[in-house]
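Trainee: Model the following, please.
(2 chains)
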Amino acid sequence: MTSTTEVKEATGRRAAATWRRVAKLTLVAAFWVAVWQVIAWAVGRDFILASPVDVALRLGELVREWDFWTTVGLSLFRIALGFVLAALVGSLLAALSGAYRVVDALVSPLVSAIRSIPVVSFIILVLLWADASLLATITSFLIVLPIVYGNVYEGIRQRSPTMLEFAVVFRVPWRRRILAIDAPAILPYFVAACRTGVGLAWKSGVAAEVIGVVDGSIGEKLYRAKVFLESADLFAWTIVIVVLSMACEAAVLRALRRAPGGVA
Amino acid sequence: MSGVVGADARPIRLRKVTRRYGDLVVLDRFDLELDEGRVTAVMGANGSGKTTIARLVLGLDAPDGGTVDGVDGRSLAAIFQENRLCEHLSAADNVRLVLDHADRDSVVRHLRGAGLPGDALDRPVRTLSGGQRRRVAIVRALAGDADLVVMDEPFSGIDTRSKARLIDYVRGRLEGRTALLITHDSKEARRFGARVVKLGRVTKPGRTA
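Mentor: This next block holds a predicted model:
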């Protein structure tokens, strides 16, 4: 049995470790911001490289504008939708491929082809075939789908054969089997796919918005920053994308920790 | 779970069963009939095919020749050589996983009856000791009312002092049920009053070949 003192000591140790980690990250960030500032001084031209101070001030202005929040909300919704659909469809296809050889024979080559096609080809095709408002969703969907499919399929193949035998002998109902045996085995692979997929969904989704100059999107803001040589805007929106991507990854991993056997 | 099968159930019988792994012939035209409602023990040296027999009876392996009859339609339970537990689930949840209508109290009663301490019931089984994990695997197979129970070295990893109590629990649960016991230990077979089959020949109940 652990005493109250031991619990308090363990909590204290964890808090100290968290503070050490935060302090280390802050120092590293401060170092690189300082390097950025020195280079900005050396370059001496705002439109080529804005200083961190200029970027921070611009970001401060942006967050006070209503337009900033609608832009962020719209891009977030479109890219997150593409990611979620890819996670669902990729997992479903992987499960069907794992269960039926004919599905595997049909789907695996298609997914391999999707994986090999350059992002820009997708973007141009979607621009030809669909409304620009769907561009970020379809592009992020097509980029994330092969990652989720490949990982979940591998997770299915790596399930313990001895545990599957146990389920057969005891005739464990399929719902219980999925929760107790399949999901915990596949989850680490799914988590790895999500970690990679969230970042790629943002990269490809915003790239699609830039190329398609999608109205009211983050990509459009980046495009305008390029056209008008507004380096501070470019950096500010880039920081926003990084923060959104990290926040999405954290939210997805947090949700997966609650899944059966969750160890994300 | 269907409960103990009636007298009209076909006997479980391996007839002229042959099983090969590559060039290695593990069983060669092997015959075995399990006694209905009691324990049949199979003994033999390492590599003599004891586990292969268990796998054939459970339907996890198919014979290269001969037939395995009488298993279809029966509900099965097994204590495998390895525990095969869901590591992230608690002891109680591992047992409930295989039971259709199990209230927590009855599962706890079974686990305590097999000698699992109270503080081990709700912890993930990955945090339990080897002996505690073995107990969970045993209770999982016996808490229900499967028609046929296959036990492959069920008491491996259990210390001698705890073994007697655990055997009492298992004997109580097997009463009136058909079971196959794979073991090295002739004393174990005797404790179950089992008909002992040494691979290749049958002896009288309670005696080892």
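Trainee: Going by residue numbers, what spans are helices in chain A?
Mentor: Ranges of helices in chain A, per DSSP state H, are A:4-43, A:52-63, A:66-99, A:101-116, A:119-129, A:135-157, A:161-169, A:174-177, A:183-212, A:218-227, A:231-257.
Trainee: For the chain, which residue occupies the most central location?
Mentor: This is for chain A. The centroid of chain A falls nearest to residue A:198 when counting by CA atoms, centre = their mean (1.1 Å).
Trainee: try chain B instead
Mentor: residue B:151 (1.7 Å).
Trainee: In three-state terms, how would that residue be classified?
Mentor: For residue B:151, the secondary-structure state derived from DSSP: H, G, I helix; E, B strand; the rest coil is strand.
Trainee: Over to residue B:116?
Mentor: coil.
Trainee: what's the neighbour count on it?
Mentor: Using other CB atoms under 10 Å in any protein chain shown, residue B:116 has 22 neighbouring residues. No exception for glycine: its C-beta is placed from N, CA and C like everyone else's.
Trainee: Just the pLDDT at it, thanks.
Mentor: Per-residue pLDDT puts residue B:116 at 92.
Trainee: That one: what's it in contact with?
Mentor: Going by CB atoms under 8 Å, 6 or more residues apart in numbering or on different chains, residue B:116 touches B:91, B:132, B:135, B:136, B:139.
Trainee: Among the residues you listed, give me the pair with the biggest separation.
Mentor: Pairwise distances among the contacts of residue B:116 were taken by CB to CB; the largest, 10.7 Å, belongs to B:132 and B:139.
Trainee: farthest residue from the center of chain B?
Mentor: residue B:23 (28.7 Å).
Trainee: Just want the phi and psi numbers for it.
Mentor: Here is the backbone geometry of residue B:23 (degrees, to the nearest 10): phi -90, psi -10.
Trainee: mind listing what it touches?
Mentor: Under the criterion of CB under 8 Å, 6+ apart, residue B:23 has no contact partners.
Trainee: same check, this time on residue A:123
Mentor: Contacts of residue A:123 by CB under 8 Å, 6+ apart are A:135, A:139, A:207, A:208, A:211, A:212.
Trainee: measure it to residue A:143 for me?
Mentor: 10 Å (CB to CB, to the nearest Å).
Trainee: who's residue B:21 bridged to?
Mentor: residue B:24 (DSSP bridges).
Trainee: how about low-confidence regions in chain B?
Mentor: B:1-9, B:200-209 (pLDDT under 70).
Trainee: per-domain residue ranges of it.
Mentor: B:1-75+B:146-209, B:86-144 (automatic domain parsing).
Trainee: end-to-end on the shortest one?
Mentor: It refers to domain B:86-144. 18 Å (CA to CA, to the nearest Å).
Trainee: how far out from the middle of the chain is it?
Mentor: The chain centre lies 16 Å from the centre of domain B:86-144; the measure is CA atoms, centre = their mean, to the nearest Å.
Trainee: Which positions in the helix ranked longest in chain B come out as buried?
Mentor: Secondary structure assigned by DSSP H gives helix B:160-174 as the longest helix of chain B. For helix B:160-174, burial by neighbour count (16 or more other CB atoms under 10 Å in any protein chain shown) applies to B:163, B:166, B:167, B:169, B:170, B:173, B:174.
Trainee: ok, now stretch A:159-170?
Mentor: Those would be A:159, A:163, A:164, A:165, A:166, A:167, A:169, A:170, for stretch A:159-170 by 16+ other CB under 10 Å.
Trainee: Does it reach chain B?
Mentor: Yes: Stretch A:159-170 reaches chain B (CB under 8 Å from any CB of the partner chain) through A:162, A:163, A:165, A:166, A:168, A:169, A:170.
Trainee: quick one: average confidence on that stretch?
Mentor: pLDDT averaged over stretch A:159-170 gives 96.
Trainee: which other residues reach it?
Mentor: Stretch A:159-170 has contacts (CB under 8 Å, 6+ apart) with A:172, A:177, A:181-182, A:185-186, B:58-60, B:76-78, B:80, B:82, B:84, B:86, B:97-98, B:140.
Trainee: so residue A:210 sits right up against residue A:225, yeah?
Mentor: No: Residue A:210 is not in contact with residue A:225 according to CB atoms under 8 Å; the separation is 10.0 Å.
Trainee: Return the residues of chain B in contact with chain A.
Mentor: Residues of chain B lying close to chain A (CB under 8 Å from any CB) are B:58-60, B:75-78, B:80, B:82, B:84, B:86-89, B:93, B:97-98, B:140.
Trainee: and with 6 Å instead?
Mentor: B:58, B:60, B:76, B:78, B:84, B:86, B:88, B:97, B:98 (CB under 6 Å from any CB of the partner chain).
Trainee: Where neighbours are concerned, which of these has the most?
Mentor: Across the residues of chain B next to chain A, neighbour numbers were computed from other CB under 10 Å; residue B:78 holds the maximum, 26 neighbours.
Trainee: can I assume that residue sits in a strand?
Mentor: Yes: under three-state DSSP, residue B:78 falls within a strand.
Trainee: Which residues does it form beta bridges with?
Mentor: residue B:150.
Trainee: Tell me, please, where in chain A the pLDDT is lower than the cut-off.
Mentor: Using pLDDT under 70, chain A drops low at A:1-3, A:260-264.
Trainee: before we move on, the earlier item: for the contacts of residue A:123, which one is nearest chain B?
Mentor: residue A:139 (36.4 Å; CB to the nearest CB).
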